[in-house]
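Novice: what would the 3D arrangement of this be:
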Amino acid sequence: MYRKMIFAALMLAFAVSTQVTALERPDVVFKIFQFPADKIPCIDAKTSDWDIVPESYAIGSDELRDTVKGHSGSPDPKDLKVKVKVGWVKGMNRLYFLYEADDNYWCMSPKRGDIFEVVVDGDLSGGQFISNPQISDPMENHFRFSGVHSQNYHIFTPPGEGRDWAMVWGNQPWIRDLPYSNHAYSYNFKEGESGHLILEFWITPFDYAPYEGPAGSIESKLEENKIIGLSWSVLDYDTPDGDYTGFWNLSHMTRMDSNASCQVAFRPMPLEPQFRKTIEAQWSFKVVDMDRRMVAFKDLSYGKITSWLWNFDDGETSTEQNPIHTYKKPGNYTVVLNIEGPDGKARRIKVFDVAVK
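Specialist: Next comes the predicted model:
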């Protein structure tokens, strides 16, 4: 157990020391749509939940390039046409995907099959995440390093009979199952036929995902406007036994599959204006010194705000935006924040959340 804890600390140190800001396609930042809490998609391979997502969030075939087979430009829409939308929900460390594709030949044979390959680097740790040149033994590399700080999902489109929906290229197959992911397909074609595929799923990105299982793992924390590394490739097979005919990828780098620095910038967006009020009160707090009963309050309100009024439930108030307050007595306190601006007023009350001893 002690060795596992030490290794976890080393991996976290590695992630911090190798953080990068340079991603592929630095002129592009794709958007991740924020679903309101009352409109979280149901994973049923139906697109209606995604109707609220503007088309400006859609990423199509025109963004893909082949880096293996020598094709120029994007895929011929008569052969392959894809569209992807990505979403998230504030407070939940999940990435939601709606993948729609039209293919002139769907391959789902046991040996070969069409693949939607997704790679996520939630904390921009960067660098190799499949093969570590400092670990010479391949199985030691697999169990100690592969997929630990960034994850690769080979998602079969569709999986065909008897095969799991995805292969995790790493040492943590547990991340492809509930409660860390979920999926659903909709299609009406057979092996070798053309047709339309709908794949709806969500995954949980991890800053640390060990082979041993989720007990020691650390989920990536998704936040508004905080860039993450993300990319995908579409491996298109047109025969059941041959090689793929195209390796179409979003980052335009083949090694996006195994190097987190080869991902593309994605930004989890705030709620679209139509899903929020013109002014909303919200706040958080942290007990910075329990011995002195000192609490720091942080305003998280939304809108045009000109005044703040805090009531700390001990007879004292503050008009600062982010006050620090010291309580004289221990207890559980009901704290109120009132805000006001040109668009109106709002209030947020937290009952007994603030506690000092």
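
Novice: which residues in the stretch 251-357 of the chain form helices?
Specialist: With DSSP state H, counting those that start in this stretch as the criterion, the stretch 251-357 of the chain has no helices.

Novice: got the residue ranges for the strands in it?
Specialist: 264-268, 283-289, 294-299, 307-311, 317-318, 324-326, 331-341, 344-356 (DSSP state E, counting those that start in this stretch).

Novice: what mean pLDDT does stretch 195-212 get?
Specialist: Averaging pLDDT along stretch 195-212 yields 97.

Novice: let me fix that: stretch 167-183
Specialist: 97.

Novice: now swap in stretch 90-108 and tell me
Specialist: Averaging pLDDT along stretch 90-108 yields 97.

Novice: again, but for stretch 217-227
Specialist: Stretch 217-227 comes out with an average pLDDT of 97.

Novice: check stretch 113-122 too.
Specialist: In this model, stretch 113-122 has an average pLDDT of 97.

Novice: helix, strand, or coil at Leu230?
Specialist: Three-state assignment for Leu230 (DSSP: H, G, I helix; E, B strand; the rest coil): strand.

Novice: pLDDT score for the nearest residue to it once chain neighbours are set aside?
Specialist: Excluding the flanking residues, the one nearest Leu230 by C-beta to C-beta, 6 or more residues apart in numbering is Phe266, at 4.3 Å. Any C-beta I mention is one placed from the backbone N, CA and C, and that applies to glycine too. Listed pLDDT for Phe266 reads 98.

Novice: distance of the most centrally placed residue in the chain relative to His154?
Specialist: Taking C-alpha atoms, centre = their mean as the criterion, Leu95 is the residue nearest the geometric centre of the chain, at 3.8 Å. Per C-beta to C-beta, to the nearest Å, Leu95 is found 16 Å from His154.

Novice: and for Pro54?
Specialist: For Pro54 relative to His154 (C-beta to C-beta), the value is 30 Å.

Novice: more crowded one of the two?
Specialist: Shown here are Pro54 and His154; by other C-beta atoms under 10 Å, His154 has more neighbours (19 against 11).

Novice: ok, what's across the strand from the more buried one?
Specialist: Glu117, Met167 (DSSP bridges).

Novice: show me the contacts for it.
Specialist: Contacts for His154 (C-beta atoms under 8 Å, 6 or more residues apart in numbering) come out as 115, 117, 166-169.

Novice: give me the low-pLDDT residue ranges for the protein?
Specialist: Residues of the chain that meet the criterion pLDDT under 70 lie in 1-21.

Novice: the same query, at a cut-off of 90, please.
Specialist: 1-22, 109-112, 131-133, 160-161, 239-243 (pLDDT under 90).

Novice: outline the domain layout of it.
Specialist: Annotated domains of the chain cover 2-268, 277-356 [automatic domain parsing].

Novice: comparing these, which comes out most buried?
Specialist: Greatest average neighbour count among those goes to domain 2-268 (a mean of 18), per mean count of other C-beta atoms under 10 Å.

Novice: chain center to that one: distance?
Specialist: Centroid displacement of domain 2-268 relative to its chain, using C-alpha atoms, centre = their mean, to the nearest Å, is 10 Å.

Novice: stretch 331-338 too?
Specialist: On C-alpha atoms, centre = their mean, the centre of stretch 331-338 falls 33 Å from the chain's centre.

Novice: got a list of contacts for that stretch?
Specialist: Residues from elsewhere that reach stretch 331-338 (C-beta under 8 Å, 6+ apart): 281, 283, 285, 297, 299, 301, 308-314, 327, 345-356.

Novice: and if you look at stretch 280-297?
Specialist: Residues outside stretch 280-297 that contact it (C-beta under 8 Å, 6+ apart): 298-303, 310, 322-330, 335, 337-339, 346-348, 350, 353-354, 356-357.
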